[in-house]
Each structure stands twice: as C-alpha cells, then as structure tokens.
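J.: What follows is a predicted structure for the sequence shown.
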Amino acid sequence: MAIPYSVSRFFLPSNAVRQIYFTVASPDEVTAATAQIKWVLQSRHRPESVYNVENLTPLVNLAEKTANILTVVLLLIAAVVLLVSGIGIMNIMLATVSARIREIGIRRAFGATKREIRFQFLSEAVLIALVGGVLGIIIGLAIPFSVRYFTAYRIPISGLSAIIAIGVSSLVGILFGTLPAIRASQLDPVESLRYE
C-alpha cells in the first residue's frame with residue numbers, strides 16, 4: 001500500500017517547490033521513511049530553512065476505526081432485523097399450526113409420522129424465510145445496478161454476499177420454524193380429528 005507524504009517549505013518564492021509526495025512499498029516503513037525524508041531535507045539545505053514532513057498514517061488509522069465502527073453498527077442492525085423477522089416467521093407458523101390442527105389429525109390418521117409432520121412445517125418455515133431472503137437479494141442488487149445505470153459511480157457487488165444471504169435466511173427459517181414444527185408433530189391425532 002502506498003502512503004503519500006507531504007513535504008512543505010515555508011517562505012518560498014512563487015516559483016519554488018511547495019510540496020513533494022513520496023510513497024513507500026509497505027505501511028511498516030512509514031515512520032522510518034518520514035524520519036529519513038526529514039533528515040535528508042534538513043541535511044541538504046540551510047539550517048534556517050523550515051520544512052514540515054507529514055505522513056497520512058493518522059488519517060488511515062481514523063478511516064479504519066470509522067469503518068470498523070460502521071461494520072459493528074450494521075451487524076447489530078442486521079441482527080435485530082433477523083431477530084424480528086424470525087419472530088414473525090415463528091408467529092406465522094404457530095398460527096398456521098393452529099389453523100391446520102384438523103389437517104394434521106387427518107394426516108396422522110392416514111399414517112404420517114411425527115417426523116413427516118415436523119418436516120412439513122419446518123420446510124414451510126424455511127420456504128417463507130427463503131422467499132424473504134431472495135426478495136432482499138433482489139432489492140439489494142437493484143440499488144447498485146440502478147446507481148451504475150443512472151450515474152457514473154460504480155458500487156462494488158459481491159456474489160458471496162448473495163450466497164451468505166441465502167444461507168442466513170435458511171438458518172433463520174430453521175431456527176424459528178423448529179418450535180412450531182415440534183408443536184405440530186406432538187398434537188394428539190384423536191384430539192386433532194375432534195378439533196373444530
């Protein structure tokens with residue numbers, strides 16, 4: 001990574017050099033290079049000359065800290081959104097189980113096992129979560145493509161983020177769909193058939 005350096009000399013005539021920029025191959029060399037540049041300038045010019053040698057390491061560190069803080073804030077927002085959406089999926093599935101008690105009883109009477117009932121409701125929860133995840137991916141990709149189409153800006157797009165979104169959506173569906181699926185599988189077949 002190249003780090004620019006600004007070297008300024010004060011009280012110069014209008015045709016004099018006011019700034020010189022230097023780069024180094026590695027960020028580890030920044031401090032040593034800054035000291036060497038200052039030493040070279042002071043050793044090759046008059047003692048009364050005043051030079052200011054600066055590097056951009058503090059700005060780079062500040063930018064890294066800001067990026068880390070933004071990443072943590074966005075992760076917290078995403079966690080809250082996933083929690084709320086997961087609770088919503090769980091409530092929908094619990095309502096679905098309550099509305100389909102008689103159907104569950106009929107399926108159990110025809111020989112469906114608890115595992116099959118559990119899989120049915122768990123797969124429905126995962127499907128709901130995946131539909132939400134796919135819609136989120138479509139909206140998330142539409143924004144950068146729209147910006148690219150209507151402006152000169154190029155927002156980077158990562159295919160890995162879409163794969164992670166699908167995985168997280170599936171995980172949310174599994175985690176929050178497990179309780180309704182277990183509840184559906186534990187219903188008594190006889191009581192379910194009598195349910196009105």
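T.: Looks like it came in fine. Numbers count the residues shown, from 1 in each chain.

J.: Please count neighbours and contacts with C-alpha atoms only from this point.
T.: Noted.

J.: What ranges in the protein fall below the confidence cut-off?
T.: Residues of the chain that meet the criterion pLDDT under 70 lie in 1-17, 196.

J.: Tell me both backbone torsions, phi and psi, for the residue at the greatest distance from the centre of the chain.
T.: Largest separation from the mean C-alpha position in the chain: Arg46, at 54.4 Å (C-alpha atoms, centre = their mean). Main-chain dihedrals, Arg46, degrees, to the nearest 10: phi -60, psi 150.

J.: Distance of it relative to Thr178?
T.: Arg46 sits 79 Å away from Thr178 when distances are taken as C-alpha to C-alpha, to the nearest Å.

J.: which other helices and strands contact the helix or strand harbouring Glu124?
T.: Per DSSP states H and E, Glu124 falls inside helix 114-150. The helices and strands touching helix 114-150, judged by 3 or more C-alpha pairs under 8 Å, 6 or more residues apart in numbering; DSSP states H and E, are helix 57-99, helix 159-185.

J.: Adding distance to Val134 and mean neighbour count, write the ones you listed out as a markdown table.
T.: Below are the helices and strands packed on helix 114-150 laid out as a markdown table (distance: least, C-alpha to C-alpha, whole Å; neighbours: other C-alpha atoms under 10 Å):
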| stretch | distance to Val134 | mean neighbour count |
| --- | --- | --- |
| helix 57-99 | 14 | 14 |
| helix 159-185 | 7 | 19 |
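
J.: So which of these is nearest Phe110?
T.: Across the helices and strands packed on helix 114-150, Phe110 has its closest neighbour in helix 159-185 (14.2 Å, C-alpha to C-alpha).

J.: If you compare the directions of that closest one and helix 114-150, what angle comes out?
T.: 150 degrees (axes from the mean of the first three to the mean of the last three C-alpha atoms, to 10 degrees).

J.: after helix 159-185, next one along is what?
T.: Next element after helix 159-185 (DSSP H and E): helix 189-194.

J.: Buried residues, that following helix. List them.
T.: For helix 189-194, a neighbour-count test (16 or more other C-alpha atoms under 10 Å) marks Pro189, Ser192, Leu193 as buried.
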